[in-house]
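Visitor: my questions concern the predicted model and sequence given below.
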Amino acid sequence: MQRRPERGLLAGMWELPSLGRGQFRKGRPLLELRHTITNHRITLRVFECQRRNVLQDKLTAELRWVSTTQMKRLSLSAAHRRAIEQILSAE
């Protein structure tokens, strides 16, 4: 999971990691979810990914592995919580 910056939209909340960081290699698509926050329409696309340079990249306080039990205790946006629930229910 990836923690959002302490400033800005959804500050400090946890979410699925973003491909934009360059630390992940995109795999097969898992789901596409549409979500609305006030006047913002969001399309969340979730992919199965592999971490690049697993041995070189260290996880930080902002990026870490969590179990499904730990995930339930994290502060997540509604969109990311829905996406995770759909992925887990499909398994």
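Guide: Yes, it's here.

Visitor: and the longest strand that the chain contains, what's buried?
Guide: In terms of residue count, the longest strand belonging to the chain (DSSP state E) is strand 24-37. Buried positions in strand 24-37, judged by neighbour count with 16 or more other CB atoms under 10 Å: Phe24, Leu30. C-beta here means a position set from N, CA and C on the backbone, and glycine is covered the same way.

Visitor: who does it touch, helix- and strand-wise?
Guide: Contact analysis of strand 24-37 by 3 or more CB pairs under 8 Å, 6 or more residues apart in numbering; DSSP states H and E lists strand 40-51, helix 78-90 as its packing neighbours.

Visitor: so Thr68 touches Leu88, yeah?
Guide: Yes: counting by CB atoms under 8 Å, Thr68 touches Leu88, with 6.5 Å between them.

Visitor: what's around the closest residue in space to Thr36 that isn't next to it in sequence, how many residues?
Guide: Of all residues not flanking Thr36 in the chain, Ile42 sits nearest, at 7.1 Å (CB to CB, 6 or more residues apart in numbering). Ile42 is flanked by 11 other residues according to other CB atoms under 10 Å.
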